[in-house]
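Engineer: sequence and predicted structure are below.
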Amino acid sequence: MQKGIVQGEAQVLGSKDYDYFGSLYYYYDHNYLYDRKNIDIGNGTGISFDIGLGMDITPNLSGSLLFHDIWGSIWWQDVPFTDAQFDSHNKEYDENGYVKYNPSISGRELKVDFTQKILPKTNLSFNYHKEEWAFVIFADFIKGDIYPNALLRYNISDFLTLDCGYDLFFHQIQIAAKYQMFLLGISFDRIEPEKAGAFSLALDLGFNF
């Protein structure tokens, strides 16, 4: 769980120097800003609602509209919280006159109760299939941003499918194979591994009840 606000101001004093000050209000289960030991993430209870609509437009074309996390919230108890202020009072200068920053930080580390609002997500998708092939376009809409994707699927058998897709927002190629309830997938943004800025591996095992 991550929720925080960092705000402040900076003033340029010259070509080699500037002052700054600011404040931090930070709720978290893991502190990514500085090392805080012995963190107990607390307990949370949440609720949300999903609604979905689907229809067959033609014998080969179908569409769906899904609304995820409607009125979603998580009520946390005893969540780690940092209320801190920082400034540039401890700065030093190197032999060339350039400033070296060693921020001065002061404040409080507490455990508080916190209500986390879950961002609602809308998913719109269209699926065109013919024989063993299927072409899927879909997009997620989150807080005014659109995350479009395109996917080509080949059904080798009733148990095995292969997917090759492209994420138009993050510019990533996605390849996946699904055998019965087991899925293996990879995604990357460059063909050459040494030039890749992002790479992920997905393993998934599901069961139907």
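Structural biologist: Yep, it's here.

Engineer: for the chain, just list every one of the strands.
Structural biologist: Using DSSP state E, the strands of the chain run over 2-14, 17-28, 43-56, 61-87, 92-93, 99-100, 104-117, 121-130, 133-142, 145-155, 160-167, 172-179, 182-188, 199-205.

Engineer: neighbouring strands - and their directions - for the second one?
Structural biologist: Strand partners for strand 17-28, identified by DSSP bridges, are recorded as strand 2-14 (antiparallel), strand 61-87 (antiparallel).

Engineer: ok and the first one relative to strand 104-117, angle-wise?
Structural biologist: Right, strand 2-14. 140 degrees (axes from the mean of the first three to the mean of the last three CA atoms, to 10 degrees).

Engineer: residue ranges with poor pLDDT in this protein?
Structural biologist: 38, 101, 193, 208-209 (pLDDT under 70).

Engineer: would you turn the strands of the chain into TSV with mean neighbour count and distance to residue 34?
Structural biologist: No exception for glycine: its C-beta is placed from N, CA and C like everyone else's. Below are the strands of the chain laid out as TSV (neighbours: other CB atoms under 10 Å; distance: least, CB to CB, whole Å):
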stretch	mean neighbour count	distance to residue 34
strand 2-14	11	12
strand 17-28	16	10
strand 43-56	11	23
strand 61-87	16	8
strand 92-93	10	20
strand 99-100	12	19
strand 104-117	12	8
strand 121-130	15	31
strand 133-142	16	29
strand 145-155	14	29
strand 160-167	16	33
strand 172-179	16	31
strand 182-188	15	31
strand 199-205	10	27
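
Engineer: okay, the ones you listed in TSV with distance to residue 37 next?
Structural biologist: Shown next, in TSV, are these (distance: least, CB to CB, whole Å):
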stretch	distance to residue 37
strand 2-14	18
strand 17-28	14
strand 43-56	20
strand 61-87	11
strand 92-93	27
strand 99-100	27
strand 104-117	11
strand 121-130	35
strand 133-142	34
strand 145-155	36
strand 160-167	37
strand 172-179	36
strand 182-188	34
strand 199-205	29
